[in-house]
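1. The following comprises the amino acid sequence and a computationally predicted model.
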Amino acid sequence: MKNNSNIEIINWEEARKAVKAAEPELADIIDNWPVRHSFIRVRYNYGDKVLKGGILHLTNKEGISHPIHSATISEEIKEQLSYSNMPLGIITAGSNEVFSETGERVIPVAFFKPGAIMGLWESLEENASYFPKQIWDVSAGARSIFMLPSISQRVPHEQLKKHYGVKRSAPSTLYDHHQVFTQIIQSQNFKQAWTHEILFLRKDWLTPNNNDIGWLRFNNYLLKKAWKLSGHSRNKITFDRIWLLFSQELEAKGIKVNPQLIIILKQIIATAIGAAPGFRPIVKTDVAAPAAMLQKIYLNTYGLKNYIPTIMALDYFSPYESNEPIYYSLQVQTQIEPIYKSKNTLGEIREIKMVLEYFVELALEGKLKVVDTLMEWVVNNVQFDFYHPDTARHDDIHNSKYLPSRDKALIEVRGAKRGRKFAHASPLAKGCVQIRMR
């Protein structure tokens, strides 16, 4: 292992500083536990697969991600991490995204930042598991990431091929941006380092010892984390009951709504309560991706004209906290259910707005039984604003060109000179919901 700095076995003294910075509670538990097992530190490049088809991938000394059963991975590492398809690991740098990719879209499931514990459900699950392990992938850095202005012009894209060895064609959809970004970032000419680091816990950490107070505290910590993470999933039946009450109220009033738009409304509410990720501009942080350098490259090498190179990626809205706005868009749908193919986006966003307002009204009247829940907090404290680029000044749907007036982060880009415009007609803005604190 000495010759592979991308995979190293390290002791607690070597891991402590990173764990303390990322998750102080776990660091304190280990500090007060005389039995301290070692960690396996793995570093990934942006765009690498951490999990692919349910199989853990690790990085060899050349920086290439390989499945754990590969001959390039030592037998010791295989043996120590074989207790789960996704072993327990704490993220200490960068981020990762859990997603499923189909032929036409990416379905984002979760986005994890430093301090998050990976593999909780998988590692704590019984052998006879309900959990299908081969469905999801995990990427180093954000997979659901895109630039708002168009970057599909062929001639400027040739400059990226020339300077950064990009092999992919100019992106034709927002889902294609990630592959181009990955090839730029992984190029030898990309001057900013970006690393996703996970400290995996060897199987010794999970060996039960009910006579060891240190192990009991550690196990209790994991169970509390898993319980909190599973909150929305555990209450799915209750949420379904709320939506059934809502449907019954609509039926009683003779209001007919496209069932697919109800699915979208559910996702908007899930985003507002923090159970599902939405989109947010990357500003003053490189956790999701080295966005500032990408923006510089698109300004100077690609030669982006007129527009601010706003980059969007997954993030969460956190109830009860002062929070920046987050977005759901009909053009970049995040629900697991099949994508709704819009026919009249402006008309559909109006319908969603009308139904959401009725949902809020019924919730406030007590008819949806959401008292003392996050949903009740949302209907009392969260503002939903709807945007589309083709609306008049006094329309109940705001024109997308006014988005930056309520979210300055959309136009905060380092190196972008004055005179550039916000890309208000981008796909994201064509039928989007801005979720923000009132």
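-> It's in.

2. Any stretches of the stretch 1-150 of the chain with poor pLDDT?
-> For the stretch 1-150 of the chain, applying pLDDT under 70 flags the ranges 1-4, 127-133.

3. mind checking which helix or strand residue 436 is in?
-> strand 432-437 (DSSP states H and E).

4. for that strand, packing partners?
-> Where contact means 3 or more CB pairs under 8 Å, 6 or more residues apart in numbering; DSSP states H and E, strand 432-437 is packed against helix 259-272, strand 326-329, helix 345-364, strand 382-388, helix 403-406. To be clear about C-beta, it is placed using only N, CA and C from the backbone, and glycine gets the same treatment.

5. where exactly do the helices run in this protein?
-> With helices called from DSSP state H, the chain shows them at 12-22, 24-31, 75-80, 120-124, 154-164, 177-185, 213-229, 231-234, 236-252, 259-272, 291-300, 345-364, 374-381, 403-406.

6. Tell me the buried residues in the fourth one?
-> Burial within helix 120-124, assessed by neighbour count using 16 or more other CB atoms under 10 Å, is assigned to 120-123.

7. which strands and helices sit next to that helix?
-> Helices and strands touching helix 120-124, by 3+ CB pairs under 8 Å, 6+ apart, are helix 213-229.

8. Turn the buried residues of helix 120-124 into CSV, columns for distance to residue 187.
-> Below are those laid out as CSV (distance: CB to CB, whole Å):
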residue, distance to residue 187
120, 35
121, 36
122, 33
123, 35
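
9. So what touches stretch 195-207?
-> By CB atoms under 8 Å, 6 or more residues apart in numbering, the residues outside stretch 195-207 that reach it are 10, 15, 18-19, 37-46, 48, 50, 80-83, 87-96, 118, 123, 140-141, 218.

10. Keep only those of these that are in strands.
-> 10, 39-44, 50, 89-93, 96, 118, 140 (DSSP state E).

11. buried subset of those?
-> Of those, these count as buried by 16+ other CB under 10 Å: 39-44, 50, 89-93, 96, 118, 140.

12. and of those residues, the nearest to residue 150?
-> The closest of these to residue 150 turns out to be residue 140 (CB to CB; 26.5 Å).

13. Quick check: that closest one touching residue 42?
-> No. Taking contacts as CB atoms under 8 Å, residue 140 lies outside contact range of residue 42: 9.9 Å.

14. Which one of the helices of the chain lies nearest to residue 106?
-> Comparing the helices of the chain by their distance to residue 106 (CB to CB), the top pick is helix 177-185, with 7.9 Å.

15. same for that closest one, what does it pack against?
-> In terms of contacts (3+ CB pairs under 8 Å, 6+ apart), helix 177-185 is packed against strand 145-147, helix 154-164, helix 291-300.

16. Please identify the most buried of the ones you listed.
-> Among those, strand 145-147 has the highest mean neighbour count (mean count of other CB atoms under 10 Å), at a mean of 25.

17. Pull the contacting residues for residue 111.
-> 95-98, 142, 144, 277, 288, 313-316.

18. Just the buried residues out of these, in ChimeraX syntax.
-> Restricted to buried positions by 16+ other CB under 10 Å, the ChimeraX selection for the contacts of residue 111 reads:
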select :95,96,97,98,142,144,277,288,313,314,315,316
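
19. sorry, back to before: state the mean pLDDT of the strand holding residue 436.
-> The average pLDDT for strand 432-437 rounds to 96.

20. Give me the distance between it and the centre of its chain.
-> 17 Å (CA atoms, centre = their mean, to the nearest Å).

21. Return the angle between stretch directions for it and helix 259-272.
-> Counting by axes from the mean of the first three to the mean of the last three CA atoms, to 10 degrees, strand 432-437 lies at 30 degrees to helix 259-272.

22. What lies in contact with strand 432-437?
-> With contact meaning CB under 8 Å, 6+ apart, strand 432-437 is reached by 268, 271-272, 278, 317, 322-331, 349, 352, 381-388, 400, 403, 406-407.

23. That one relative to strand 382-388, how many degrees between them?
-> Using the same axes, to 10 degrees, strand 432-437 lies at 160 degrees relative to strand 382-388.

24. any low-confidence regions in the stretch 201-350 of the chain?
-> For the stretch 201-350 of the chain, no stretch has pLDDT under 70.

25. hmm, try it at 80
-> Filtered on pLDDT under 80, the stretch 201-350 of the chain yields the residue ranges 322-323.

26. circling back: turn the helices and strands packed on helix 177-185 into CSV, columns for distance to residue 364.
-> Formatted as CSV, the helices and strands packed on helix 177-185 follow (distance: least, CB to CB, whole Å):
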stretch, distance to residue 364
strand 145-147, 36
helix 154-164, 50
helix 291-300, 39
